[in-house]
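Novice: Task: produce atomic coordinates for the following.
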Amino acid sequence: MVPTKLFLHYLARLKQLLLVAERFDADVGTARLHPTMFPLLQQARTAIGFTLRSTCPLAGREIVSFGADHDSFASVHAQLDAAVAYLAAIPDEDFLVAARPVATTAGFAGLALDSEEYFLLYAVPNFFFHYSMVYAIARQAGVPIGKADFDGFHQYPPCFSFDSA
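Specialist: Just a heads-up that it's a prediction; the model follows:
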């Protein structure tokens, strides 16, 4: 299990989503799906943080953070770039050791999971929750993005719509 491959791919996708959203309307950074949920930029910061919170324990490292104390597209881009550089520098072999137990919190709940459970059942779903919220908030705000922007694999003809399919 080498989590950096997954996270580096989707952090690159997140970078593109944020660039398109920022060019479309910088105010989308403060948009929310619901009043009790984080706005787009905080969702992005949390997704980025989850890549480090997930990967560092699995590589036998202390969790690092590159987050800023404010939400702006510039600060989120800086956090994302620093996280990508850090993750890319972790050698694959750091993940090829025997399973490591991981202790963490989920909200106010304490968790103790083996490394595979931690990665597959906790870390990946939490990353994708926050990453998906960035996508959903941007789409709801009218940012011109689609599934191809989300995963980087799908392709559709220009002006394709599922309404006309």
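Novice: Would you mind pulling up the elements that the biggest helix by length in the chain packs against?
Specialist: With secondary structure taken from DSSP state H, the chain has its longest helix at helix 3-24. Counting contacts by 3 or more C-beta pairs under 8 Å, 6 or more residues apart in numbering; DSSP states H and E, helix 3-24 is packed against helix 40-58, helix 73-88, helix 124-140, helix 147-151. All C-beta spots, glycine's among them, are computed from the backbone N, C-alpha and C.
Novice: go with 6 Å
Specialist: Helix 3-24 is packed against helix 40-58, helix 73-88, with contacts defined by 3 or more C-beta pairs under 6 Å, 6 or more residues apart in numbering; DSSP states H and E.
Novice: tell me the angle of that helix relative to helix 40-58?
Specialist: With axes from the mean of the first three to the mean of the last three C-alpha atoms, to 10 degrees as the basis, helix 3-24 and helix 40-58 are set at 170 degrees to each other.
Novice: contacts for helix 3-24?
Specialist: With contacts defined as C-beta atoms under 6 Å, 6 or more residues apart in numbering, helix 3-24 is touched by 28, 51, 55, 58, 73, 80, 84, 87, 90, 119, 134, 138, 143, 145, 149, 152.
Novice: Count the neighbours of residue 58 for me.
Specialist: 23 (other C-beta atoms under 10 Å).
Novice: scratch that, residue 73
Specialist: Here the neighbour count serves as a burial measure; for residue 73 (other C-beta under 10 Å) it reads 18.
Novice: Also residue 39?
Specialist: A total of 18 residues lie near residue 39 under the criterion other C-beta under 10 Å.
Novice: so which of the helices and strands packed on helix 3-24 comes closest to residue 112?
Specialist: Checking the helices and strands packed on helix 3-24 against residue 112 by C-beta to C-beta gives helix 40-58 as the closest, at 11.6 Å.
Novice: Now the longest helix of the chain: buried residues?
Specialist: Residues of helix 3-24 classed as buried: 3-4, 6-8, 10-11, 13-15, 17-18, 21-22 (neighbour count, 16 or more other C-beta atoms under 10 Å).
Novice: ok, of the contacts of helix 3-24, which come out buried?
Specialist: Applying 16+ other C-beta under 10 Å to these, the neighbour count classes 28, 51, 55, 58, 73, 80, 84, 87, 90, 119, 134, 138, 143, 145, 149 as buried.
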